[in-house]
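Undergrad: Here is my input, please return the structure:
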Amino acid sequence: MMAATGPNRNVGKLLVVSSDGHIHDRDRSAIALQFSPVDLVIANDAATIPGSLHGQHETTGAPIEMRLAGFVTVGDPTRYIAVAFGEGDYRTPTESRPQPPTFRSGDRLRFGPLRAVVEQLLDHPRLVQIKFCGDALQVRTGIARHGRPIQYAHVSGDLALWDVWTSVAAEPFAFEAPSAGFALNWQTLSQWKRRGIGFETLTHAAGISSTGDPKLDERLPLDEPYIIPVSTAAAIAHTRSRGGAIVAIGTTVARALESAAEYDGSVRAGSGIARNRIGPTTELLVIDTILTGVHEPGESHFELLRAFTTDSVLQRIHHVATKRHYRTHEFGDSILIERHTTRGGQTKPSPARGSRVPFGIGHEVIHGVLEPAIGQRNNLRATGMTASDSSIPIR
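TA: Numbering: from 1, shown residues only. Reported below is the predicted structural model:
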């Protein structure tokens, strides 16, 4: 396998893995032909905050980069958990980036038009809590104008903000792109609508994928807030009552829905914090199928997939993806996995199924000068590709 070096949404491969472990290699456009009319697809509509901020540690004059990694309080755009780096930028592999200067509480930081202070030192030299000076609008505007998308050395050129927004991106709430959603386009959504497949969204603050430090990376994913609309929870209940499958577009959707799940498979609407780590011992209560990127063994995203299928199937997926030159990372190819009905000899809970077609926290977020791009959500509504005003999937 090889890393995808930049955004190209016009081409892509798709590995389709059925519940019995059969693997099919297809063009990614075939995603539009998957699923049954009783099924429901759920995507993460969080837009990506330009969370990479280059500036200066005023005490020492040393150059720094702060990568925003989490909200201290959801709804407060002035305070963040951040991962700090010393001199350099994304062109240097994250694991090779120098350490930042030694911080002390109260240290002042400068990022272009923004000023900030170190509020608290956390339990790792790279991890700090910072507060930007100014009111919410000033901070939002400063981040929008000075910040850049977080990116990594495998990407060959500077990313623009629109490169890290999916087709359904709405309010800026994620620190890195919910990249499984790059597989979706307007043609796919329109085909699903014509075929009677339900489509809904939730909002989840997708976090950073690497800190450059192995010990810190072991903590990923960090706690992440989410918001599940009433319409999405209602559509899940309706789909399950008809024997349909719940399809998660990405690991962030899986985390949010399983965090909000009741034991009977229903989902609580509203805001919450995803603190769960999904893995081989997780009993999935909501999700039947997941669309995700191509991940390497040992990565947190790969570990999550162990809840959906067996290790032997994952090994075969890795072998096929390697042999057929699938691309990894956020702009790479896609894998669609239908949940295995058994694992380790234990029958996994599954909703009642009808006739199916086989595979073959607070709501305020950063608007400011980013708000015009939120018109993408209005475009989505104009096509009828959301059921936000209805409790049943779109037909």
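
Undergrad: Tell me where the protein has helices.
TA: 136-146, 186-195, 214-217, 230-241, 251-259, 300-305, 311-323, 375-383 (DSSP state H).

Undergrad: quick one: contacts for the nearest residue in space to Thr59 that is not next to it in sequence?
TA: Counting by Cβ to Cβ, 6 or more residues apart in numbering, Thr59 lies nearest to Asp107, which is 5.4 Å off, once chain neighbours are set aside. For the C-beta atoms, the positions are set from N, CA and C on the backbone; glycine is no exception. By Cβ atoms under 8 Å, 6 or more residues apart in numbering, Asp107 lies in contact with 57-59, 117-118.

Undergrad: With Asn276 instead?
TA: Asn276 is in contact with 255, 258-259, 282, counting by Cβ under 8 Å, 6+ apart.

Undergrad: Would you mind giving the domain segments of this protein?
TA: Here the domain parsing of the chain from automatic domain parsing is 2-48+157-383, 52-146.

Undergrad: Serialize these to TSV and add fields for mean pLDDT.
TA: Shown next, in TSV, are those (pLDDT from 0 to 100):
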stretch	mean pLDDT
domain 2-48+157-383	87
domain 52-146	96
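
Undergrad: State the distance from Gln262 to Arg277.
TA: No Gln there; residue 262 is Glu. Distance from Glu262 to Arg277, counting by Cβ to Cβ, to the nearest Å: 19 Å.

Undergrad: For those two, work out which one has more neighbours and name it.
TA: With neighbours defined as other Cβ atoms under 10 Å, Glu262 and Arg277 compare such that Arg277 has more, 15 against 10.

Undergrad: separation between the more buried one and Ser300?
TA: Look at Arg277 and Ser300: by Cβ to Cβ, they are 8 Å apart.

Undergrad: hey, what's in contact with both of these two?
TA: Pro221.

Undergrad: Near Leu114, how many other residues are there?
TA: By the other Cβ under 10 Å criterion, the neighbourhood of Leu114 contains 21 residues.

Undergrad: and the nearest residue to it once chain neighbours are set aside, what does it touch?
TA: The shortest distance from Leu114 to any non-neighbouring residue, by Cβ to Cβ, 6+ apart, is to Gly142 (4.0 Å). When contacts are counted by Cβ under 8 Å, 6+ apart, Gly142 is found next to 111-114, 132, 134.

Undergrad: what does stretch 304-311 rub up against?
TA: 17, 21, 251, 254-255, 277-280, 282, 284, 287, 290, 292, 295, 314, 317, 337-340, 343-344.

Undergrad: from those residues, which would you call buried?
TA: Restricting these to buried positions leaves 17, 21, 251, 254-255, 278, 280, 282, 284, 287, 290, 292, 295, 314, 317, 337-340, 343, with burial counted as 16 or more other Cβ atoms under 10 Å.

Undergrad: List the ones among those that fall in strands.
TA: Among those, the members found in strands (DSSP state E) are 17, 290, 292, 337-338, 343.

Undergrad: quick one: Arg67 from Asp158, how far?
TA: Looking at Arg67 against Asp158, where the rule is Cβ to Cβ, the gap reads 16 Å.
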